[in-house]
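**Q** sequence first, predicted model second:
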Amino acid sequence: MIKILLVEDNDVDARLTQDILAEWHLEEFNITHVTRLSEAFRYLARARFDAVLLDLSLPDGSGLSTVRQIHAANPTIALIVLSGLNDQTLALQAVQNGAQDYLVKGEGPSELLARSIHYAIERKRAEARLTYLAQYDQLTGLVNRSLFRDRLVQAMARSKRLQQPLGLMLLDLDRFKPVNDTLGHSVGDQLLKVVAERLHECVREVDTVARMGGDEFTIILEGLMCEEDISLVAQRITTSLSEPFILGEHQAVISVSIGITIYPTDDHDIDELLTHADAAMYRAKQQGGNSFQFHIPNDSQSSTCQN
């Protein structure tokens, strides 16, 4: 079942579109018909649709601005323009503004619309897969380095605007290399997956957990009120990751060293914040691991907390 939102104020054209799709026997279409752009936004906000069929002349919106508005509000949805104008320039502009296709009403064979919907949906799915590959770590499913940096930029802006501290953690696993060397990379990969799951369990949904590469992870903690709140999260992580990992027939015991800096107390750019968190992490590791340290701005030392 393909769910379609038809945005068309002409009842005759709407009925014609519904009849054309009813003739397509390879797939069943569930069509919701609205006549105004504002209605379309209300439906899109509360229900999932696979594609939008959009007329460019509506009572409360017309032209390419309707394409831009739908695309901006729902960038992952397939969007097909149905127009009475056979205008190649307008068709190209519609695609450039977010539509997957531009069809002229009443032209072409009846199966053209159904095929266009199928192709548009598949193109959006392919785009989503490429976006996922570009932004998420393929082994663990965590945010990757690239998306992490984007999220940190946004989090830093919110931190200053809301005047709330932001905690940045850099984590490095202790004794991970011996697991890889003795049990093999396959078991090492399994371990990293479970580590990712445990890290997610230790933070809130609003927090970002990222894998930077190898056995190094980062976490962005937003909306915490003080250093003690961040310490509680770090304590929870060190406790969780020190518990044995059962990996098929094998058992692995590791721990984690964590470096933490707090923005905007540590008021620097992303790279400098990561450098400070990294330095604090290495101090924790040098003291035996299974601990966390805070970077203290304008001070050569960092506070240390052990599990």
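**A** It's in.
**Q** report the contact partners of the residue lying closest to residue 153 once chain neighbours are set aside.
**A** Residue nearest to residue 153 in three dimensions, not counting chain neighbours: residue 270, with 6.8 Å by Cβ to Cβ, 6 or more residues apart in numbering. For glycine as for every other residue, the C-beta is placed from the backbone atoms N, C-alpha and C. Applying Cβ atoms under 8 Å, 6 or more residues apart in numbering to residue 270 gives the contacts 149, 152, 153, 156.
**Q** neighbour count, distance to residue 205 and secondary structure added to these, as a markdown table?
**A** Conversion of the contacts of residue 270 to a markdown table gives the following (neighbours: other Cβ atoms under 10 Å; distance: Cβ to Cβ, whole Å; DSSP: H, G, I helix; E, B strand; the rest coil):
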| residue | neighbour count | distance to residue 205 | secondary structure |
| --- | --- | --- | --- |
| 149 | 15 | 20 | helix |
| 152 | 20 | 17 | helix |
| 153 | 11 | 20 | helix |
| 156 | 21 | 20 | helix |
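**Q** any buried residues in the lengthiest helix in the chain, and which?
**A** Counting residues, the longest helix found in the chain (DSSP state H) is helix 111-135. In terms of neighbour count (16 or more other Cβ atoms under 10 Å), helix 111-135 has its buried residues at 113, 114, 116, 117, 118, 120, 121, 124.
**Q** what bits of this structure have low per-residue confidence?
**A** 298-307 (pLDDT under 70).
**Q** quick check: domain ranges of this protein?
**A** Using automatic domain parsing, the domain ranges for the chain come out as 2-134, 145-306.
**Q** next helix or strand past the helix or strand where residue 259 lies?
**A** Assigned by DSSP states H and E, residue 259 falls within strand 255-263. Where DSSP H and E defines the elements, the next helix or strand beyond strand 255-263 is helix 270-286.
**Q** other SSEs contacting the very next helix or strand once past that next one?
**A** On the C-terminal side of helix 270-286, the closest following helix or strand by DSSP H and E is strand 291-295. When contacts are defined as 3 or more Cβ pairs under 8 Å, 6 or more residues apart in numbering; DSSP states H and E, strand 291-295 sits against helix 227-242, strand 255-263, helix 270-286, strand 302-306.
**Q** run the last query once more with 6 Å
**A** strand 255-263, helix 270-286, strand 302-306 (3 or more Cβ pairs under 6 Å, 6 or more residues apart in numbering; DSSP states H and E).
**Q** what strands flank the first one, and is each parallel or antiparallel?
**A** The strands beside strand 255-263 in its sheet (DSSP bridges) come out as strand 166-174 (antiparallel), strand 291-295 (parallel).
**Q** to residue 227, which of those lies closest?
**A** Nearest to residue 227 among the strands paired with strand 255-263 is strand 291-295; the distance by Cβ to Cβ comes to 6.7 Å.
**Q** the inter-axis angle of that closest one versus helix 227-242?
**A** 150 degrees (axes from the mean of the first three to the mean of the last three Cα atoms, to 10 degrees).
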